[in-house]
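Engineer: Need coordinates for the following:
(2 chains)
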Amino acid sequence: GAVVSQHPSRVICKSGTSVKIECRSLDFQATTMFWYRQFPKQSLMLMATSNEGSKATYEQGVEKDKFLINHASLTLSTLTVTSAHPEDSSFYICSAETSGGVLMTETQYFGPGTRLLVL
Amino acid sequence: DAKTTQPPSMDCAEGRAANLPCNHSTISGNEYVYWYRQIHSQGPQYIIHGLKNNETNEMASLIITEDRKSSTLILPHATLRDTAVYYCIVRGGSNYKLTFGKGTLLTVNP
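Structural biologist: Take a look at the predicted model:
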């Protein structure tokens, strides 16, 4: 299957600082990338959908000014958590697919996740 | 959007087949059934998906009932490394998103 990487795998930062997480599709071009968040003992929650070269679409309740998403190329999307606070501590996971959801046989492949701890 | 119902947990003996059920009684004609699994502290791993025919790959088999209202994921020879939360997700039509429920925690015992 296709490989998606994330960097860093874990990060600790101070409250009020910004953190950038990278998501890369290593062996395919991703028209669409998705960002999820997962709190302990809970399931994944979709935060936003990003298409290459256009603005991200955020899910209800997700602050677009706090979680900045850039999908500048077909192999890279970044999520920046701005002015991070302890409640932003979570497991952030990205996924990527090629068809932009047009083909329902298309498969989303997930990265290994980034664990963020805000002190 | 079609929703799915899965048992919260299941146990399986190592080397035996693991059969994980999923109900999706409101599935529509153009929606697919996807299965992912998540091993602790990792990103979800794609397993298999299907529309109406049974599917098999190197990881598992997917059996979809004729009325498509339910399906079963079969891991033919479970190993300890198959211990994970398994998610059954319906996706298709205008719904391009993967909506994760609580899944089934499969514990494979030695």
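
Engineer: tell me how far stretch B:73-87 is from the chain's mean position?
Structural biologist: Centroid displacement of stretch B:73-87 relative to its chain, using CA atoms, centre = their mean, to the nearest Å, is 10 Å.

Engineer: what comes up buried for it?
Structural biologist: Across stretch B:73-87, burial judged by 16 or more other CB atoms under 10 Å in any protein chain shown covers B:73-75, B:78, B:82-87. Placement of C-beta: from N, CA and C, glycine included.

Engineer: filter those down to the ones near chain A?
Structural biologist: residue B:87 (CB under 8 Å from any CB of the partner chain).

Engineer: what's the distance between whichever residue of chain B sits closest to chain A and residue A:7?
Structural biologist: Residue of chain B nearest chain A, by CB to the nearest CB: residue B:96 (2.9 Å). To residue A:7, residue B:96 is 26 Å away according to CB to CB, to the nearest Å.

Engineer: These two: which is more packed in?
Structural biologist: Using other CB atoms under 10 Å in any protein chain shown, the more surrounded residue of residue B:96 and residue A:7 is residue B:96, with 19 against 14.

Engineer: Pop out the phi and psi values for the more buried one.
Structural biologist: Taking degrees, to the nearest 10, you get phi -90, psi 0 for the backbone angles of residue B:96.

Engineer: same check, this time on residue B:97
Structural biologist: phi -90, psi 150.
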